[in-house]
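Predicted model and sequence below, questions to follow.
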Amino acid sequence: MAEKNPIILVPTDFSEAADTAINHAAKVASSSGDEVRLVHIVNKDSKSKLKKAGESLDDLNAKMTAKVEEIKSKYGVKAGYNLREGSIFTTIGEVAEEIGARLLIMGTHGVVGMQHITGAWAVKVITSSPVPTIVVQKKKIADHGYKTIVFPIDASKETKQKVIHAISIAKHFDSTVHLFASHETDEFLINARNNNIAWAENMFKKNGVDYKVAHADGNHAKQTIKYASKVNADLIVILTDDGEVSVSEIVLGPDEEKIINNDAQIATMCVNPVANLYTIGNVLFM
């Protein structure tokens, strides 16, 4: 993996959802000092739209330049852009890798997503990303940023990999992390979950992050949404399943698509697990 640079990558198709992603990225960048880097993927669909509008790639470059200048003026952060031909499902991740971005923030419309990405199709973009992806809908980030973070935690060893990312975000927004524990009945799983909670608590204490612990009494994914709404969460942190690491915790299936497209429109950070926790380097903003 390329060395991480202070860049937050934001795919844009000039939609309202993409502008919301820019809003979230700019808020994080204003705290972290990162650059907001836009990326637009040119494909058959976008070429067809350009042709129908009587526009060229020069016009598209001009539009991207105008959007960058708007970001600089409106939010007072560094900004730039990349225009790349390819597939939205793989090329976004490739660009993130090439420029060494350390966070991807992506807008989705839920039903009809960014450049036709629905909640389900967004999974392909998320799991191809070499860095954590924050998925947002149309709800702009609060003035206080990601102040309240809900962190589902269960018995899987991979769940620990979210901790470093939660800590890095929490340090920038003086956040409170709500550890939301899975409901288990098997003694082995109960012990494993409790050990994970204890490990996470220790990490949060060492890094000066405020936290609370709550427990689900049923379906973890569904109750995560309910709990996040109850505490007015600004961010939910979940794991994905990239096909290489088997996780028993919250992975991107039907329930997790519901989390990403939750009715409260709470932003969701998706972390792709790696085979070895200790191979994770250049932690976000740390």
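Sure thing, it's come through.

All the helices of the stretch 151-286 of the chain, residue numbers only.
Taking DSSP state H, counting those that start in this stretch as the criterion, the stretch 151-286 of the chain contains helices spanning 163-173, 187-206, 220-230, 254-260.

Can you say which of these is packed in most?
Comparing the helices of the stretch 151-286 of the chain by mean neighbour count (mean count of other C-beta atoms under 10 Å), helix 163-173 ranks first with a mean of 22. (Glycine included, C-beta is placed from N, CA and C.)

where's A101, which helix or strand?
Under the criterion of DSSP states H and E, A101 resides outside all helices and strands.

can you count the residues close to it?
By other C-beta atoms under 10 Å, the residues close to A101 number 27.

Please give me every residue in contact with it.
Contacts were defined as C-beta atoms under 8 Å, 6 or more residues apart in numbering; by that measure A101 touches K4, N5, I7, I8, L9, R37, V95, V131.

ok, the second one to L103 distance?
Yep, that's N5 we're talking about. Computed with C-beta to C-beta, to the nearest Å, the distance linking N5 and L103 is 11 Å.

Just the buried residues of the contacts of A101.
Among the contacts of A101, those buried by neighbour count (16 or more other C-beta atoms under 10 Å) are K4, I7, I8, L9, R37, V95, V131.

Closest one to A79 out of these, please.
R37 (7.3 Å; C-beta to C-beta).

Which pLDDT does the model give that closest one?
Note for R37: predicted pLDDT of 98.

so what does the strand or helix carrying it touch, helix or strand wise?
In the assignment (DSSP H and E), R37 maps to strand 35-42. In terms of contact count using 3 or more C-beta pairs under 8 Å, 6 or more residues apart in numbering; DSSP states H and E, strand 35-42 is assigned the packing partners strand 7-11, helix 16-32, helix 57-75, strand 79-85, helix 91-99.

what sits opposite the residue positioned nearest the centre of the chain in the beta ladder?
The C-alpha lying nearest the average C-alpha coordinate of the chain belongs to I134 (C-alpha atoms, centre = their mean; 1.6 Å). Judged by DSSP bridges, the bridge partners of I134 are I105, M269.

Settle this for me: it is touching H24, isn't it.
Yes. A contact is recorded between I134 and H24 when judged using C-beta atoms under 8 Å, the distance being 6.5 Å.

out of the buried ones among the contacts of A101, what pair is the most spread apart?
Checking the buried ones among the contacts of A101 against each other with C-beta to C-beta, the farthest-apart pair comes out as K4 and V95, at 14.2 Å.

sorry, back to before: could you list which residues are in contact with the residue nearest to the centre of the chain?
Applying C-beta under 8 Å, 6+ apart, one finds that I134 lies in contact with H24, L103, L104, I105, M106, L235, A267, T268, M269, C270.

how distant is stretch 9-18 from the center of its chain?
Going by C-alpha atoms, centre = their mean, to the nearest Å, the spacing between the C-alpha centre of stretch 9-18 and its chain's C-alpha centre is 14 Å.
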